[in-house]
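[1] Next input, structure requested:
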Amino acid sequence: MSTELRGAVEEALSVADENFNTLLRWPYWIPTAKNRRFLRAIARLDTLIQRVINDRRAGRTGADIDDKGDALSMLLAAVHDEDGRGMTDKQLRDEIMTLFGAGHETTAKALTWAWYVLSQHADIQARLHDELDTVLGGRMPTMDDLPSLPYLDRFLKEVLRIYPPAWVTTRDAIEPVDVLGVPLKRSAIVIINIYGVHRDPAIYPDPLRFDPDRWTPEFERSLPKGAYLPFGSGPRVCVGNAFAQMEAKLVLAVLAQRFTLRLRPGHTVEPEDRFTLRPKFGLPMIVHKRGSDLAQR
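    Numbers count the residues shown, from 1 in each chain. Predicted coordinates for the structure are as follows:
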């Protein structure tokens with residue numbers, strides 16, 4: 001992502017973050033200073049993304065569009081089942097902005113919490129290091145290595161359980177319905193507290209204990225539907241689910257082979273429920289290069 005594009009994404013997310021827990025928000029069409037910041041950032045994003053789309057479309061249509069193996073190439077090649085038409089530029093921009101908004105912040109926060117957990121659990125960190133050293137031997141990991149890293153998989157699942165970056169989600173009632181004795185009218189908005197569900201002792205024994213080993217196949221099969229929702233559920237589940245987990249695992253595998261991170265002594269860590277779940281006071285870490293020969297490669 002270019003510096004200019006990254007700046008526009010971060011500015012838009014910053015305003016969205018500030019607005020998230022504001023009880024009374026001005027509609028975006030009212031020109032408050034905050035709204036003007038947000039709309040400027042969105043306009044910048046629109047322009048920058050359109051520039052990329054134009055470059056890809058230049059002189060090529062349909063199957064002739066250059067396939068670079070990325071999300072934009074797939075979106076450009078997509079056609080409607082009924083009429084064979086591709087996406088309009090506006091649809092493309094909307095899809096790409098959704099990927100930026102959903103994927104930029106959430107994966108970063110998942111990795112933030114992962115490093116915090118490792119800094120607090122030396123035994124878990126040692127097991128993760130042992131698996132990475134044994135399987136990878138200091139080389140760069142690839143997607144093909146991930147099935148051989150089961151502890152890394154369980155570790156990330158537990159991070160996403162205790163510290164789900166997308167800590168709430170919403171659904172609209174499409175018809176009147178009764179939920180646990182509470183009548184909901186059509187179009188009622190239901191807020192689902194993912195953070196609370198993931199810490200429910202009726203579902204997860206000793207829920208505040210960080211335990212990657214709870215994620216056995218038997219345990220996963222025993223979970224009620226909707227008990228684990230780091231990416232939502234049902235037809236509206238996050239489309240980037242698999243990619244986000246792959247990305248996080250590869251980043252962890254690369255860095256954890258070479259470094260350990262230690263929380264700055266005396267620093268207070270407190271989850272804050274904003275647009276994503278984040279450390280309220282940041283997470284200053286001290287980085288140490290691992291002492292083994294593997295860390296020197």
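[2] low-scoring pLDDT stretches of the stretch 151-297 of the chain, where are they?
    Filtered on pLDDT under 70, the stretch 151-297 of the chain yields the residue ranges 292-297.
[3] That one: strands as residue ranges?
    168-172, 177-179, 182-184, 189-193, 259-263, 271-273, 277-279, 285-289 (DSSP state E, counting those that start in this stretch).
[4] Name every strand pairing with the fourth one and say which way it goes.
    For strand 189-193, the pairing partners within the sheet under DSSP bridges are strand 168-172 (antiparallel).
[5] Quick check, central residue of this structure?
    Geometric centre of the chain, nearest residue: residue 106, 2.9 Å, by CA atoms, centre = their mean.
[6] so it makes contact with residue 276?
    Yes - counting by CB atoms under 8 Å, residue 106 touches residue 276, with 5.9 Å between them. Backbone N, C-alpha and C define where each C-beta goes, glycine included.
[7] okay, and the common contacts of these two?
    165, 166 (CB atoms under 8 Å, 6 or more residues apart in numbering).
[8] Mind listing residues that contact the one helix or strand residue 130 maps to?
    In this structure, residue 130 sits in helix 122-136 according to DSSP states H and E. Contacts to helix 122-136, defined as CB under 8 Å, 6+ apart, come from residues 117-119, 145, 148-152, 155, 210, 212, 252-253, 256-257, 260, 290, 292, 294.
[9] and those residues, which are buried?
    117-119, 145, 149, 151-152, 155, 210, 212, 252-253, 256-257, 260, 294 (16 or more other CB atoms under 10 Å).
[10] Among those residues, which one lies nearest to residue 99?
    Nearest to residue 99 out of those is residue 252 (CB to CB; 21.3 Å).
[11] Any figure for the gap between that closest one and residue 291?
    Going from residue 252 to residue 291 by CB to CB, to the nearest Å gives 19 Å.
[12] cool, and residue 146?
    From residue 146 over to residue 291 the distance is 26 Å, taken as CB to CB.
[13] what about the helices in this protein?
    Using DSSP state H, the helices of the chain run over 3-20, 33-57, 71-77, 89-120, 122-136, 150-162, 194-198, 217-222, 241-258.
[14] Which residue is the nearest non-sequential neighbour of the residue nearest to the centre of the chain?
    residue 165 (4.2 Å; CB to CB, 6 or more residues apart in numbering).
[15] what number of residues lie near the one you found?
    Residue 165 has 24 neighbouring residues, counting by other CB atoms under 10 Å.
[16] Next up, the contacts around it.
    If you count contacts by CB under 8 Å, 6+ apart, residue 165 has them with 105, 106, 107, 109, 110, 113, 230, 276, 277.
[17] Near the fourth one, how many residues? Count them for me, please.
    Right, residue 109. By other CB under 10 Å, neighbour count at residue 109 equals 20.
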